[in-house]
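**Student:** Sequence and predicted structure are below.
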Amino acid sequence: MAVNLPSQRGKGRRAPMADINVTPLVDVMLVLLIIFMVTAPLLTAGVPVNLPDSRAKPLDQEQKPVDMAIDDQGRVFIDKDEVTGVLADALAGIAAKAQEGQPPQVLLRADRGLDYGRVMQVMGELNRAGLNRVALVTNAGEQGN
């Protein structure tokens, strides 16, 4: 029969606990996960644009598309950065990066109150730069015709 006798070195003291309490770590990680899950969808659209409604279905994507936006004042943005110079130069830079393979798809978001001519001007510059895979982004809403 074995008896657990206290050691002579630490009279009256207990041995240090060797277990780690992971409950607070799990709680903090779950809170961080929830915060990232809530904030990640909010970071997708950088330029506020009032999109028109459409009944079209979303497109399947193989590679990361180039996001372009035209706001209500007619300013053009490429991936949240405003194009301040000539639009053709900025688009030529995008087309040059994609020379190796298929040109990237361009997702064009234009404000619904914008002049149709401005949208067609930007689409013409896209065509001249060789970026022919252009998709117009709309809100997926119900429309009665």
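**Tutor:** All right, it came through fine.
**Student:** who does Glu106 bridge with?
**Tutor:** No, residue 106 isn't Glu; it's Val. Assessed by DSSP bridges, Val106 has beta-bridge partners Val66, Val134.
**Student:** per-residue confidence for it?
**Tutor:** Looking at Val106, its pLDDT is 84.
**Student:** swap in Val26?
**Tutor:** Per-residue pLDDT puts Val26 at 93.
**Student:** Now name the helix or strand holding it.
**Tutor:** In this structure, Val26 sits in helix 23-39 according to DSSP states H and E.
**Student:** which stretches of the protein form strands?
**Tutor:** Here the chain has its strands, by DSSP state E, at 53-54, 66-70, 76-78, 81-82, 106-110, 134-136, 139-140.
**Student:** If you count contacts, what does the first one end up packed against?
**Tutor:** The one in question is strand 53-54. strand 139-140 (3 or more C-beta pairs under 8 Å, 6 or more residues apart in numbering; DSSP states H and E). All C-beta atoms are positioned from the backbone trio N, CA, C, and that covers glycine.
**Student:** Sheet-wise, list the partners of the strand it packs on with their directions.
**Tutor:** If you go by DSSP bridges, strand 139-140 pairs up with strand 53-54 (parallel).
**Student:** Off-centre distance for the partner strand?
**Tutor:** 21 Å (C-alpha atoms, centre = their mean, to the nearest Å).
**Student:** just stretch 27-34 next, same as before
**Tutor:** 21 Å.
**Student:** Can we start the residue count at 669 from this point?
**Tutor:** All right, first residue 669 from here; so that's stretch 695-702.
**Student:** quick one: contacts of it?
**Tutor:** By C-beta atoms under 8 Å, 6 or more residues apart in numbering, no residue outside stretch 695-702 reaches it.
**Student:** follow-up on the earlier one: with mean neighbour count and distance to Pro684 added, can I get the strands of the chain in TSV?
**Tutor:** Converted to TSV, these look like this (neighbours: other C-beta atoms under 10 Å; distance: least, C-beta to C-beta, whole Å):
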stretch	mean neighbour count	distance to Pro684
strand 721-722	12	66
strand 734-738	22	56
strand 744-746	19	60
strand 749-750	11	56
strand 774-778	21	59
strand 802-804	15	63
strand 807-808	11	60
